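Requesting a structural model of the entry that follows:
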Amino acid sequence: MSTVFNFTFVPWFRSVAPYIHTHRGKTFVVAVCGEAIAAGKLSLIAQDLALIQSMGVKIVLVHGFRPQVNEQLAAKGHSPKYSHGMRITDGIALDCAQEAAGQLRFEIEAAFSQGLPNTPMAGSTVRVISGNFITARPVGIIDGVDFMHSGLVRKVDTPGIQKALGMGAMVLLSPFGYSPTGEAFNLTMEEVATSVATALQADKLIFLTEIPGIATDPALPVSEDNPIDTELPLAAAEKLLAGLPQAAQPSDTAFYLQHCVRACKSGVERSHILPFAMDGSLLLEIYVHDGVGTMVIDEKLESLREATSDDVGGIIQLIEPFEKDGTLVKRDRTEIERDVGNYSIIEHDGVIFGCAALYPYPEAKTAEMAALTVSPQVQGQGDGDKLLKRIEQRAKAQGLESIFVLTTRTMHWFIKRGFAQVEPEQLPEARKRKYNWDRKSQVLFKKLS
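Residues are numbered from 1 along each chain as shown. I've put the predicted structure just below:
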């Protein structure tokens with residue numbers, strides 16, 4: 001049994017290592033809805049956040065408290081009132097919100113103080129710092145509705161939060177803000193988290209919510225036939241949002257999506273919507289490529305670029321399995337280090353998922369595209385076409401008139417993209433001398449328009 005465990009654990013741990021390296025030193029704003037705490041998930045969420053912080057991530061935690069405030073109101077014989085997707089906070093609701101926030105803050109601090117042996121919190125030291133980091137202003141009167149003590153974020157004390165994070169602490173924020181005159185305002189968790197992420201220019205904004213993510217067809221419930229979109233380009237998210245009615249409650253598709261879009265448009269690289277009902281969803285989203293929720297990402301962050309010497313290890317790791325099964329010709333590390341400037345790569349969260357190399361033969365006005373590789377994890381998503389286009393662009397920039405490939409298994413993929421098969425004798429003389437006649441690779445050329 002232990003042998004089986006070793007064979008599953010070791011490759012898995014190696015596969016998450018690049019994400020650990022990539023996220024170290026980054027800042028994540030994590031917003032946890034009050035429903036998650038009401039559902040008894042706080043202890044496990046705290047364990048996962050402590051683990052993420054132990055791997056070098058700076059965390060700002062924003063908690064919600066919708067159900068807790070409603071519970072306090074019910075205990076006092078009052079009903080919650082909402083309009084325009086926001087709570088109308090009268091004096092009684094404000095008192096209930098303050099009581100709920102105080103109770104939740106104690107519970108959260110206690111959760112991060114656990115240190116029982118044989119638990120993920122054993123040996124952890126998580127210092128939690130709270131404070132008056134948010135300056136607020138009143139919502140005021142909208143369409144004749146007076147929101148009273150409901151507020152909006154006016155300013156975020158960015159230096160104060162960064163100083164606390166720099167000391168190694170986790171910053172805990174309640175959805176409250178204060179005016180310069182000392183008046184308290186009830187805010188929404190979603191707006192606080194988005195405003196803080198934008199002010200800090202955080203690397204990620206993560207909503208841990210009641211919903212599993214954004215469905216492929218938002219008009220239908222999430223199911224096997226209608227799964228979630230794990231990655232939404234910002235342009236697609238904006239288009240989707242424009243066609244949706246105004247969100248009034250968390251189950252509405254637009255409710256969290258509008259904040260993800262706002263954050264990405266304001267410079268936050270990636271924003272996520274995750275289900276708290278799934279145990280470990282934070283870890284799965286951050287340290288596994290496909291993730292488990294919906295991630296909104298700005299397309300301008302597409303990391304298709306030329307390789308540098310720092311990428312040699314990642315290129316070798318990517319192409320090695322294809323060399324072993326005979327799909328690619330074996331290249332040793334010295335050769336890749338020497339030719340690394342010939343490679344273009346696709347990178348995602350610090351991990352290389354695709355590569356291709358261009359070897360020019362200027363005397364023949366052509367070039368070889370070699371080592372075109374896309375990780376099995378992302379095949380079928382168009383990365384091969386992106387790499388081909390980049391190689392064609394590089395060849396054109398060098399004044400070349402065609403490119404060619406040698407392949408034993410993927411001839412049809414290239415033919416679909418405008419390549420035509422020719423005899424090996426049509427290779428440039430310098431390349432013909434290195435042609436492996438035993439391997440019998442097919443030779444395909446494509447003219448560059």
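
Pretty sure residue 278 is one of the things residue 284 touches, is it not?
Yes - using CB atoms under 8 Å as the test, residue 284 is close enough to residue 278 to be in contact (7.5 Å). Yep, even glycine has a C-beta here, placed from its N, CA and C like the rest.

Need the overlap of contacts for these two.
By CB atoms under 8 Å, 6 or more residues apart in numbering, residue 284 and residue 278 have these common neighbours: residue 292.

Low-confidence ranges, the stretch 301-449 of the chain, go.
301-302, 349 (pLDDT under 70).

Let me see the ranges of the strands in it.
Counting by DSSP state E, counting those that start in this stretch, the stretch 301-449 of the chain has these strands, from start to end: 303-306, 343-348, 351-361, 366-374, 402-407, 420-422, 442-447.

what about the ones you listed, which gets the closest to residue 62?
Residue 62 lies closest, by CB to CB, to one member of these: strand 343-348, at 26.5 Å.

May I have that closest one exported as PDB, CA atoms only?
Output of strand 343-348 as PDB, limited to C-alpha atoms (Å, rounded to 0.1, in the frame of the first residue of the first chain):
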ATOM      1  CA  TYR A 343      12.500  28.500 -28.900                       C
ATOM      2  CA  SER A 344       9.100  30.100 -28.400                       C
ATOM      3  CA  ILE A 345       7.100  29.000 -25.400                       C
ATOM      4  CA  ILE A 346       3.600  29.200 -23.900                       C
ATOM      5  CA  GLU A 347       3.700  29.800 -20.100                       C
ATOM      6  CA  HIS A 348       0.800  29.800 -17.700                       C
END
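
And it, what does it pack against?
Counting contacts by 3 or more CB pairs under 8 Å, 6 or more residues apart in numbering; DSSP states H and E, strand 343-348 packs against strand 303-306, helix 312-324, strand 351-361, helix 383-397.

Sheet-wise, list the partners of it with their directions.
Using DSSP bridges, strand 343-348 pairs in its sheet with strand 303-306 (antiparallel), strand 351-361 (antiparallel).

Need these in CSV (columns: mean neighbour count).
What follows is the strands paired with strand 343-348, written out as CSV (neighbours: other CB atoms under 10 Å):
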stretch, mean neighbour count
strand 303-306, 14
strand 351-361, 22
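
Tell me which stretches of the stretch 151-300 of the chain form strands.
Using DSSP E, counting those that start in this stretch, the strands of the stretch 151-300 of the chain run over residues 151-156, 170-173, 176-178, 184-186, 204-209, 231-233, 270-275, 294-297.

Ranking the ones you listed by mean neighbour count, which comes first?
Ranked by average neighbour count under the criterion mean count of other CB atoms under 10 Å, those are headed by strand 204-209 at a mean of 28.

That one to strand 270-275, inter-axis angle?
Angle, strand 204-209 to strand 270-275, by axes from the mean of the first three to the mean of the last three CA atoms, to 10 degrees: 20 degrees.

tell me what strand 204-209 is packed against?
On a contact count with 3+ CB pairs under 8 Å, 6+ apart, strand 204-209 meets strand 27-32, helix 34-38, helix 189-200, helix 253-265, strand 270-275, helix 281-287.

How far away from the center of its chain is that strand?
10 Å (CA atoms, centre = their mean, to the nearest Å).

So which of the strands of the stretch 301-449 of the chain is nearest residue 47?
Using CB to CB, the strands of the stretch 301-449 of the chain put strand 351-361 closest to residue 47, at 25.3 Å.

Residue 148 is nearest to which of the helices and strands packed on strand 343-348?
Closest approach to residue 148 among those (CB to CB): strand 303-306, 46.9 Å.

got a markdown table for the strands of the stretch 301-449 of the chain, with distance to residue 39 too?
Output for these, formatted as a markdown table (distance: least, CB to CB, whole Å):
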| stretch | distance to residue 39 |
| --- | --- |
| strand 303-306 | 37 |
| strand 343-348 | 32 |
| strand 351-361 | 33 |
| strand 366-374 | 40 |
| strand 402-407 | 53 |
| strand 420-422 | 60 |
| strand 442-447 | 56 |
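
Could you give the bridge partners of the spatially closest residue to residue 371 that is not a sequence neighbour?
Of all residues not flanking residue 371 in the chain, residue 357 sits nearest, at 4.8 Å (CB to CB, 6 or more residues apart in numbering). Assessed by DSSP bridges, residue 357 has beta-bridge partners residue 343, residue 370.

residues contacting residue 357?
Here residue 357 is in contact with 339, 342-344, 369-371 (CB under 8 Å, 6+ apart).

out of the residues you listed, who has the most neighbours?
Ranked by neighbour count (other CB atoms under 10 Å), these have residue 369 at the top, with 26 neighbours.

avg pLDDT for stretch 172-187?
Stretch 172-187 carries an average pLDDT of 92.

what's the straight distance from one end of that stretch to the other?
Distance between the boundary residues of stretch 172-187 (CA to CA, to the nearest Å) amounts to 15 Å.

and the gap between residue 52 and residue 177?
Here residue 52 is placed at a distance of 26 Å from residue 177 (CB to CB, to the nearest Å).

is it true that residue 250 touches residue 211?
Yes - taking contacts as CB under 8 Å, residue 250 lies within contact range of residue 211: 6.9 Å.

Now for these two: what residues contact both?
Taking CB under 8 Å, 6+ apart as the criterion, residue 250 and residue 211 both touch residue 256.

Give me the more crowded residue out of the two.
Using other CB under 10 Å, the more surrounded residue of residue 250 and residue 211 is residue 211, with 24 against 17.

which residues does that one contact?
Contact analysis of residue 211 by CB under 8 Å, 6+ apart lists 222, 250-251, 256, 273, 275.

got a pLDDT number for it?
For residue 211, the pLDDT comes out at 90.

Also the one 5 residues further on?
We note a pLDDT of 81 for residue 216 in this prediction.

CA atoms only for stretch 38-53 - export them in PDB, please.
Output of stretch 38-53 as PDB, limited to C-alpha atoms (Å, rounded to 0.1, in the frame of the first residue of the first chain):
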ATOM      1  CA  ALA A  38     -22.400  29.200   8.800                       C
ATOM      2  CA  ALA A  39     -21.900  25.800   7.000                       C
ATOM      3  CA  GLY A  40     -19.100  24.800   9.400                       C
ATOM      4  CA  LYS A  41     -16.300  25.200   6.800                       C
ATOM      5  CA  LEU A  42     -14.200  27.700   8.700                       C
ATOM      6  CA  SER A  43     -11.700  25.200  10.300                       C
ATOM      7  CA  LEU A  44     -10.800  23.600   7.000                       C
ATOM      8  CA  ILE A  45     -10.600  26.900   5.200                       C
ATOM      9  CA  ALA A  46      -8.300  28.200   7.900                       C
ATOM     10  CA  GLN A  47      -6.100  25.100   7.500                       C
ATOM     11  CA  ASP A  48      -5.800  25.600   3.800                       C
ATOM     12  CA  LEU A  49      -5.100  29.300   4.100                       C
ATOM     13  CA  ALA A  50      -2.400  28.600   6.700                       C
ATOM     14  CA  LEU A  51      -0.800  26.100   4.400                       C
ATOM     15  CA  ILE A  52      -0.900  28.500   1.400                       C
ATOM     16  CA  GLN A  53       0.700  31.200   3.600                       C
END
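
Brilliant, that's me finished.
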